[in-house]
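Asks: fold the following.
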Amino acid sequence: MNLLVLIIDTALIYGVFLLAYAIRYGSRVPSASFAPFEDSRLFLLGFMIAALIYAGCFRKCFRSYWQLLQKLVFGVAVGTALCFIFIYLWRERWVRFPSSVLLITGLLAVLVLFTVNSLILRLKGKIQKRIVILGPSPFFDPFAKKEALVRKKYISQIEDLVHFRDIDEVMICTRLQDNPNLNLLIFLLMRLNVVVTFSPAIYAELISDKIEQEETVTLFSTFIGRKRDSEEFLIRALDVLGSLGLLVLFSPVLLIAALAIKLTSPGPIIYRQPRVGKDRKLFTLYKFRTMFHTADSRPDHRPAVLDDERITRAGKWLRRLRLDELPQLINILRGHMSLVGPRPENITRVNTHKALRGLRLAVKPGLTGLAQVRSHYDLSPRHKIKYDYLYIQRRSFMLNLYVLVRTIPVILTSKGQ
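Replies: Numbers count the residues shown, from 1 in each chain. Model (predicted):
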């Protein structure tokens, strides 16, 4: 534990409480409002510091400023909540304690603690990602521009991972020759509990027939798709809040689309189809029906193309404006999908094409994805898969936000798919 930062943060939090009173009341703070703080300050400081310790804010080293900010936000939020509960339980004694001061303290504490802690840790060289590179140095080094924040170690054999205990990431830059090596790698990575990335040079190997045991590839893919609990929480929160917001925002559009489908062609409004989700789990995908309801029963069933005669009049507009995908927001709320990820595939394509299994099923399928915002409609399937692999290894809350923002112009200009 970093005792210096803990002592400094304790003093800072006390100062933030005083600053919050000054912001709330100005230069003349009523004694009746300030007295409850004087009486309970040791308890309040104790709750805040205990929450920061629980959140891991006083580690000796952080892999990035983003990790430090995440832990501070979580710790301050928990500490503020504990202070609210404490004041409420003893409200008869501290009934005059202003709730607004606690809210202001929480907001200011994140800003002040992050600014001071990041400065101290940077000066001490304690904000640094520790990376082990398995294999030769990559031709394109993604860490070249931030050498001060990265500490790299190179190893040539998988067995060398045994000697490491405290690392943040393993980058794989060598071909995986056989299943025993892959199994050993999985075992060591699970024991280290680190983030795994891999260079584009081994994409082909991971989707080829060189690795014979598909169960091994599936286990490896699930491990690569896993992120830390805090990151998964932020991604899921973005999915839920974003989906609810979009459902409210587009509710009039959803109603108009449903009426247009019903009035222009017979059949159900919602089209349902089994799709393959994370770890090959099946789920029912929801879309607005854009084809005639007899399309699936035809013997020449095939993927839709431009000006397909099976598409209804309303369906043409829904597809052009990407509105047919909106019911998938329900899939996201139910946890089957995410706002961002590889597009969900049907069972037949997954069973037919090995490239669509393994790594591509390491994460939940998405409403939009990196391939959709970085490419055009006619991009080859193999290149789309590489975009999906790139997303899987760099998947994060901030990347999801980036993809969502980039999706807006894609929809408006009718590019991507």
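Asks: show me which residues of stretch 110-123 are buried.
Replies: Applying a neighbour-count criterion of 16 or more other CB atoms under 10 Å, one finds 110, 112-114, 117-118, 120-122 buried in stretch 110-123. C-beta here means a position set from N, CA and C on the backbone, and glycine is covered the same way.
Asks: ugh, wrong one, stretch 392-401
Replies: By neighbour count with 16+ other CB under 10 Å, stretch 392-401 contains the buried residues 392-393, 395-397, 400-401.
Asks: give me the distance between the two termini of it.
Replies: With CA to CA, to the nearest Å as the measure, stretch 392-401 spans 15 Å from end to end.
Asks: so among the buried residues of stretch 392-401, where is pLDDT lowest?
Replies: Minimum pLDDT for the buried residues of stretch 392-401 is recorded at Gln393 (74).
Asks: and the strands in the stretch 101-250 of the chain?
Replies: Applying DSSP state E, counting those that start in this stretch to the stretch 101-250 of the chain gives strands spanning 129-134, 150-155, 169-172, 195-198.
Asks: let me fix that, I meant to ask about the stretch 301-417 of the chain.
Replies: Counting by DSSP E, counting those that start in this stretch, the stretch 301-417 of the chain has strands at residues 338-340, 345-346, 366-368.
Asks: and the gap between Ile131 and Thr348?
Replies: 40 Å (CB to CB, to the nearest Å).
Asks: ok, those two, which is more surrounded?
Replies: A side-by-side neighbour count of Ile131 and Thr348, using other CB atoms under 10 Å, places Ile131 first with 21 against 10.
Asks: and the more buried one, what does it touch?
Replies: Shown in contact with Ile131 (CB atoms under 8 Å, 6 or more residues apart in numbering): 143, 150-153, 167-171.
Asks: okay, now the unreliable bits of the stretch 1-150 of the chain?
Replies: Scanning the stretch 1-150 of the chain for pLDDT under 70 picks out 1, 137-149.
Asks: rerun that using 50 as the cut-off
Replies: Where the stretch 1-150 of the chain drops to pLDDT under 50, the residues are 139-140, 144-145.
Asks: and for the stretch 151-300 of the chain?
Replies: Applying pLDDT under 50 to the stretch 151-300 of the chain flags residues 207-213, 216, 299-300.
Asks: can you do 90?
Replies: Scanning the stretch 151-300 of the chain with the threshold set as pLDDT under 90 gives 151-234, 262-267, 277-281, 290-300.
Asks: tell me where it has helices.
Replies: Secondary structure of the stretch 151-300 of the chain (DSSP state H, counting those that start in this stretch): helices at 179-192, 203-207, 214-225, 229-249, 251-264.
Asks: on that earlier part again, make TSV out of the strands of the stretch 101-250 of the chain and add distance to Arg360.
Replies: Listed next are those as TSV, based on distance: least, CB to CB, whole Å:
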stretch	distance to Arg360
strand 129-134	22
strand 150-155	28
strand 169-172	17
strand 195-198	14
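Asks: for Arg334, which of these is the nearest?
Replies: Distance to Arg334, taken as CB to CB, is lowest for strand 195-198 among the strands of the stretch 101-250 of the chain, at 27.4 Å.
Asks: tell me which strands that closest one pairs with, and in which orientation.
Replies: Here strand 195-198 has these sheet partners by DSSP bridges: strand 169-172 (parallel).
Asks: what does the strand it pairs with contact?
Replies: 63, 129-135, 138, 161, 185, 189, 192, 194-199, 202.
Asks: dump it to PDB, keeping only the CA atoms.
Replies: This file holds the C-alpha atoms of strand 169-172, laid out as PDB (Å, rounded to 0.1, in the frame of the first residue of the first chain):
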ATOM      1  CA  GLU A 169      -0.600  -7.600 -20.300                       C
ATOM      2  CA  VAL A 170       0.800 -10.300 -22.500                       C
ATOM      3  CA  MET A 171       1.300  -9.600 -26.200                       C
ATOM      4  CA  ILE A 172       1.700 -12.800 -28.400                       C
END
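Asks: buried residues in stretch 313-323, which are they?
Replies: Buried, per 16+ other CB under 10 Å, within stretch 313-323: 314-315, 318-319, 322-323.
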